[in-house]
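# just coords:
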Ligand SMILES: Nc1nc(=O)c2c([nH]1)NC[C@@H]1CN(c3ccc(C(=O)N[C@@H](CCC(=O)O)C(=O)O)cc3)C=[N+]21
């Protein structure tokens with residue numbers, strides 16, 4: 001059996017053209033959606049990601065403002081910038097690129113962002129909204145995974161979903177979103193005793209661990225859907241996911257590639273959230 005590919009680039013293209021249309025309509029009403037991207041320090045990976053986000057905004061007609069600061073920026077100064085962006089009517093979304101330098105309390109910075117502009121969905125109010133089903137921004141990566149499952153018309157109702165990883169930005173919100181779609185959800189993590197016994201039960205596996213090729217073919221039930229959130233480098237320095245793609249693709253029914261899977265969808269959902277924030281601001 002060879003799995004079908006869930007192409008994050010193709011799906012992104014489709015969703016981004018819808019965003020571009022809606023952004024153009026808002027711009028025509030004098031309210032172009034605006035995203036502020038705040039980058040502190042010179043982490044090379046962050047610079048690449050931030051550039052990709054800015055480029056994606058440009059292509060969708062969303063105005064982006066990149067604010068770049070030295071790694072020595074104080075926490076107080078960063079908080080002051082967030083406060084200014086919170087009240088800037090031309091800015092509808094605020095993204096503070098993570099990780100931040102160690103002397104800055106990232107959670108404190110995130111909580112300083114107005115929940116109305118929290119397009120990353122990292123604010124505690126956004127997490128609470130997701131948990132309770134109230135309106136609010138959903139974190140982009142797990143939301144992108146849900147969009148990929150919707151795209152292949154996969155009905156999660158009554159299915160067993162296994163999420164590997166329990167981070168606040170992927171694993172935990174992913175579990176809540178799957179639960180919201182009426183799946184039976186198991187969350188596995190570093191203290192899980194027999195991971196393979198869990199994943200072999202899964203109709204859907206979401207791997208969000210950060211360990212190259214950790215999900216091997218023997219851990220996957222034939223016909224399962226496999227979503228790979230991993231973003232790692234292999235021995236040759238090549239970008240690879242948490243899934244041993246070359247072998248798992250012969251067992252799964254659907255699989256997402258890395259690159260070209262969840263990554264582009266993460267950026268797409270950031271555009272969707274920014275558009276949504278601007279739409280809400282107009283009323
Ligand atoms: N506040 C904040 N929000 C984030 O959303 C956030 C963050 N901080 N810090 C870093 C992580 C990482 N992240 C990625 C998004 C897209 C790709 C992506 O598009 N990857 C391409 C490949 C890119 C390449 O070639 O390196 C792909 O998978 O095809 C990767 C990584 C967002 N993050």
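Okay, I see it. Since this is a predicted model, take the numbers as computed values, not measurements. Numbering: from 1, shown residues only.

# near the ligand, which residues of this protein are found?
48-49, 52, 95-98, 120, 140, 231, 239, 258-260, 263-264, 266-267 (C-beta under 6 Å from any ligand atom). Placement of C-beta: from N, CA and C, glycine included.

# and these, which of them are buried?
Among the residues of the chain next to the ligand, those classed as buried by 16 or more other C-beta atoms under 10 Å are 49, 95-97, 120, 140, 231, 258, 260, 263-264, 266-267.

# what's the farthest-apart pair in these?
Greatest spatial distance among those (C-beta to C-beta): 96 and 260, at 26.3 Å.

# would you map the helices across this protein?
Assigned helices in the chain, in chain order: 8-28, 44-60, 75-86, 106-112, 124-132, 140-151, 171-180, 195-199, 245-248, 262-282 (criterion: DSSP state H).

# which residues touch the residue in the stretch 151-283 of the chain positioned nearest to the ligand?
Across the stretch 151-283 of the chain, no residue is closer to the ligand than residue 263, which sits at 2.2 Å (C-beta to the nearest ligand atom). Residues in contact with residue 263, defined by C-beta atoms under 8 Å, 6 or more residues apart in numbering, are 8, 231.

# how close does it sit to residue 215?
The gap separating residue 263 from residue 215 is 17 Å, by C-beta to C-beta, to the nearest Å.

# below-threshold pLDDT in the protein: ranges please.
The chain contains residues with pLDDT under 70 at 1.

# give me that answer again for 90
Scanning the chain for pLDDT under 90 picks out 1, 43-45, 47-49, 234-235, 281-283.

# please parse it into its domains.
30-114, 140-262 (automatic domain parsing).

# indicate which one of the ones you listed is closest to residue 272.
Taking C-beta to C-beta, domain 140-262 is the member of the domains of the chain nearest to residue 272, at 8.0 Å.

# span of that closest one from start to end?
Length of domain 140-262, first residue to last, C-alpha to C-alpha, to the nearest Å: 10 Å.
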